[in-house]
Every structure is written in C-alpha cells, then in structure tokens.
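Chemist: Just a sequence and a predicted model for now, questions to come.
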Amino acid sequence: MSENFKTIRELAEELGVSKTAINKKVSDSERKQWFSKKGNRFLVNEIGQDAIRSMFSYDIDNRKSKTENTEKQPESKTENFENDNLKKSDFKHLSEIIRYQNAQIEDLKETKSQHFKQLTQMQNLLDQQQRLALQDKKLLEEYKAEIKDLKALTMAPHDDGEKEVTPEKQPEPQPKPKKWWRFGKS
C-alpha cells in the first residue's frame with residue numbers, strides 16, 4: 001500500500017522543486033483528496049502525484065521551450081512513434097485531470113445551489129419575523145388603546161349617583177416609631 005504513496009519530499013526531489021513549491025501549487029480541497037498523514041509525514045496518492053507532476057511539467061515544458069528550438073523535426077520514425085506514445089499518455093493524464101476538474105465544477109454547482117436554497121429560506125424567515133413583529137406592535141397598540149378606554153370609563157363620574165368603582169387611596173396612619181431605650185420601661 002505504501003508503494004503507491006510518496007512523501008512530499010520524495011516528489012519534490014523527483015521533480016526538482018522544493019516542498020514549499022508543491023504546497024503552494026496544491027489547493028486545500030486537492031490536499032484533502034490527495035494527501036494522507038502517516039505519523040509526521042504527508043503521503044501523496046498516485047492521482048495526486050500525477051496531477052502535481054502535470055502542474056510542474058507544464059512549467060518545465062514552458063521553460064524548455066523558451067531555451068530550445070521548438071521547430072526540431074524527428075530524425076526517424078521510431079522517434080516520431082515515441083513522441084506519439086508520450087502524447088497519448090499525456091492525453092490520458094490530461095483527460096484524468098479534466099474529469100477531476102469537471103467533478104469539482106459539479107460539486108461547486110451543487111454547493112452553490114445549496115447556498116442559494118439556504119439564502120432563500122433565510123429571507124423567508126426574515127420576512128416572517130418582520131410580519132410577526134408588525135402584528136405584535138399592532139396588538140400592543142390595540143391593548144394600550146383598550147386600557148386607556150377602560151381607565152377613562154373608571155375615572156368618569158356616573159350620573160346615577162353611585163360612587164366610583166376605583167378605590168380611593170387614603171394614606172394609612174403610620175404608627176409612631178418606638179425608641180429603643182424605652183422598651184425596658186413600661
């Protein structure tokens with residue numbers, strides 16, 4: 001099982017780049033899919049190794065094409081055949097990367113639709129909360145108006161000669177405070 005995995009250092013040495021360069025090229029989502037941790041080491045699976053190689057082979061190919069003559073013709077049919085085989089393997093590798101990126105795109109579309117649904121649901125809940133708050137405010141105003149009307153009815157004098165319903169507040173006589181030095185004396 002560990003034969004299929006390589007550490008980041010091994011892969012960096014193979015490609016002739018630093019570990020930091022690999023870590024900068026690989027995104028967090030790719031890191032979750034391609035890397036696994038064993039002890040203190042991060043191991044890269046085969047798909048991740050191929051993808052990282054392709055990331056750096058593109059850079060290396062661009063550097064070589066600037067320094068070398070790009071119009072070199074194959075010297076023999078076998079060299080041409082070898083180039084075709086490389087192109088086929090590159091094509092397979094690129095098609096794997098394209099499939100992987102298409103899967104990522106589909107995942108992002110699904111995530112986007114879920115976020116849109118959540119946003120719509122949150123907007124509906126906010127609207128509902130605002131409507132309920134408005135209803136509560138109207139009810140509170142109605143209750144205040146009713147209380148005001150009831151107070152006005154209870155305070156108004158009656159024509160039939162009866163006394164008002166509200167109890168009158170008369171201050172109760174308060175007992176005089178006793179001084180403490182007189183408690184012992186009677």
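Modeler: Noted; the coordinates are in hand.
Chemist: ranges for the strands of this protein?
Modeler: In the chain, the strands defined using DSSP state E lie at 6-7, 35-38, 41-44.
Chemist: burial of residue 50, as a residue count?
Modeler: 18 (other CB atoms under 10 Å). Glycine gets a C-beta too; all of them are placed from N, C-alpha and C.
Chemist: from the strands of the chain, which stretch is densest packed?
Modeler: Comparing the strands of the chain by mean neighbour count (mean count of other CB atoms under 10 Å), strand 41-44 ranks first with a mean of 19.
Chemist: Can you list the helices and strands that it packs against?
Modeler: Strand 41-44 sits against strand 6-7, helix 8-15, strand 35-38, with contacts defined as 3 or more CB pairs under 8 Å, 6 or more residues apart in numbering; DSSP states H and E.
Chemist: Dump the strands of the chain into JSON lines; add mean pLDDT as well.
Modeler: JSON lines is the format used below for the strands of the chain (pLDDT from 0 to 100):
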{"stretch": "strand 6-7", "mean pLDDT": "90"}
{"stretch": "strand 35-38", "mean pLDDT": "88"}
{"stretch": "strand 41-44", "mean pLDDT": "88"}
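Chemist: Let me have the ones you listed in TSV, extended by distance to residue 155.
Modeler: Formatted as TSV, the strands of the chain follow (distance: least, CB to CB, whole Å):
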stretch	distance to residue 155
strand 6-7	89
strand 35-38	80
strand 41-44	83
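Chemist: Lowest mean pLDDT among the helices and strands of this structure, which one is it?
Modeler: In the chain, no helix or strand scores lower on mean pLDDT, DSSP states H and E than helix 46-67, which sits at a mean of 72.
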